[in-house]
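Student: Pasted the sequence and its predicted model underneath.
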Amino acid sequence: MEKLPGASLAQSLVQEKTAREWTSFGGMKKKILFPIGGGKMKKNIFLQIAAIVIIGFAFMLVVKSDHTWAQTQLRQSVERKFEEYRKAIKDTHQVDIKSFKDKIPGGMADGKAITNYDLKELLEGIKWEREHEHTNDNLLALEMAMDHLERIPDYYTHLVIMERGCAEDKFRDK
């Protein structure tokens, strides 16, 4: 074993074990000294960090794709529900809600989706508002029904029950 100048035998052994050959651009071979195990340890840490970063990116991609998929499913569900409401209101009251816009400023349901309300209650509400001569306009009746249902979700069910109760009381009094 060759002893390096100015080094003890122990230092020479350590230097020999940690020396690595390296070829320079000029083709000369040189020895570079590294701390014992330093090169392997740095390589292992680098690989571990690289693996963690790759796993993190893969996880983010999976979460992003699931989120996008969930948004698509939700949008399709909302569109199906809107079409169900649209068809029911059109069949029952001969009015298309596709281009529905609020007409009464300051209503409780301003800016709310028609599908936020129970379909049976909306249909009953349009009928009720029309029958009791609040309006001849089905879209205006729809908006008034939405305003009532915003405060009390089963408003028209309560009105029907009260109306039946009053009719029964009237019938008993005769």
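Tutor: Looks like it arrived, so ask away.
Student: distance of P105 from I89?
Tutor: 23 Å (Cβ to Cβ, to the nearest Å). (Glycine included, C-beta is placed from N, CA and C.)
Student: who does the helix or strand containing K81 touch, helix- and strand-wise?
Tutor: In this assignment (DSSP states H and E), K81 forms part of helix 38-93. In terms of contacts (3 or more Cβ pairs under 8 Å, 6 or more residues apart in numbering; DSSP states H and E), helix 38-93 is packed against helix 119-131, helix 138-151.
Student: Verify the stated contact: E84 with L119.
Tutor: Yes. Using Cβ atoms under 8 Å, E84 is in contact with L119, at 7.3 Å.
Student: re earlier: will you turn the helices and strands packed on helix 38-93 into a markdown table that also has mean neighbour count and mean pLDDT?
Tutor: Output for these, formatted as a markdown table (neighbours: other Cβ atoms under 10 Å; pLDDT from 0 to 100):
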| stretch | mean neighbour count | mean pLDDT |
| --- | --- | --- |
| helix 119-131 | 19 | 92 |
| helix 138-151 | 21 | 92 |
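Student: Which of the ones you listed sits closest to E79?
Tutor: helix 119-131 (15.4 Å; Cβ to Cβ).
Student: hmm, who's touching the closest one?
Tutor: With Cβ atoms under 8 Å, 6 or more residues apart in numbering as the test, helix 119-131 has contacts from 84-85, 88-89, 92-93, 114, 135-136, 138, 140-142, 144-146, 148-149, 153-157, 159-160.
Student: now do stretch 153-168
Tutor: So stretch 153-168 is contacted by 117-118, 121, 124-125, 128, 145, 148-149, 152 (Cβ under 8 Å, 6+ apart).
Student: Please repeat the previous calculation with a cut-off of 6 Å.
Tutor: Contact with stretch 153-168 is made by 121, 124-125, 128, 148-149, as judged by Cβ atoms under 6 Å, 6 or more residues apart in numbering.
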